[in-house]
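Novice: Just a sequence and a predicted model for now, questions to come.
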Amino acid sequence: MPAKFNTEISERIAVDTFGDYKISTVLLKNTLTEWGNYETMIMYKEEFLDYQERCDTLGQAHMQHENAITYVMARE
């Protein structure tokens, strides 16, 4: 992992809430391309789960957001 890891948000791509779960996919500002420009994370009761996905394209970002929704629905 790089010494400095930027998590500044440039644009919110999608946000969905299911009960106490919140799924967020964002375009990160000034990211290192080797880690991906888009990030999807899941929060449960305001705490981040051990779930983080990164990708390079908007199409992939929408798909990983849908995968996160599937992940949450399987937990319920």
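Specialist: Looks like it came in fine.
Novice: Tell me the bridge partners for M43.
Specialist: Note on M43: beta-bridge partners K22, F48, judged by DSSP bridges.
Novice: ok, now which ones touch it?
Specialist: Contacts for M43 were tallied using Cβ atoms under 8 Å, 6 or more residues apart in numbering; they are Y21, K22, S24, L49. C-betas here are computed from N, CA, C, even on glycine.
Novice: ok, now how distant is it from K29?
Specialist: The spacing between M43 and K29, counted by Cβ to Cβ, to the nearest Å, is 20 Å.
Novice: and what of N37?
Specialist: For N37, the distance to K29 equals 9 Å [Cβ to Cβ].
Novice: quick one: which of the two has more around it?
Specialist: N37 (20 against 12; other Cβ atoms under 10 Å).
Novice: which SSE is the spatially most central residue of the chain in?
Specialist: The centre of the chain sits closest to T40, judged by Cα atoms, centre = their mean, with a distance of 0.9 Å. For T40, the host element (DSSP states H and E) is strand 38-44.
Novice: For that strand, buried residues please.
Specialist: Across strand 38-44, burial judged by 16 or more other Cβ atoms under 10 Å covers Y38, E39, T40, M41, I42.
Novice: What pLDDT does the model give the third one?
Specialist: In the predicted model, T40 carries a pLDDT score of 96.
Novice: Find me the pLDDT at N37, would you?
Specialist: pLDDT recorded at N37 is 88.
Novice: I misspoke; the intended subject was T25.
Specialist: 96.
Novice: With K29 instead?
Specialist: Looking at K29, its pLDDT reads 79.
Novice: Quick check: it touching I9?
Specialist: Yes - counting by Cβ atoms under 8 Å, K29 does reach I9; the two are 6.5 Å apart.
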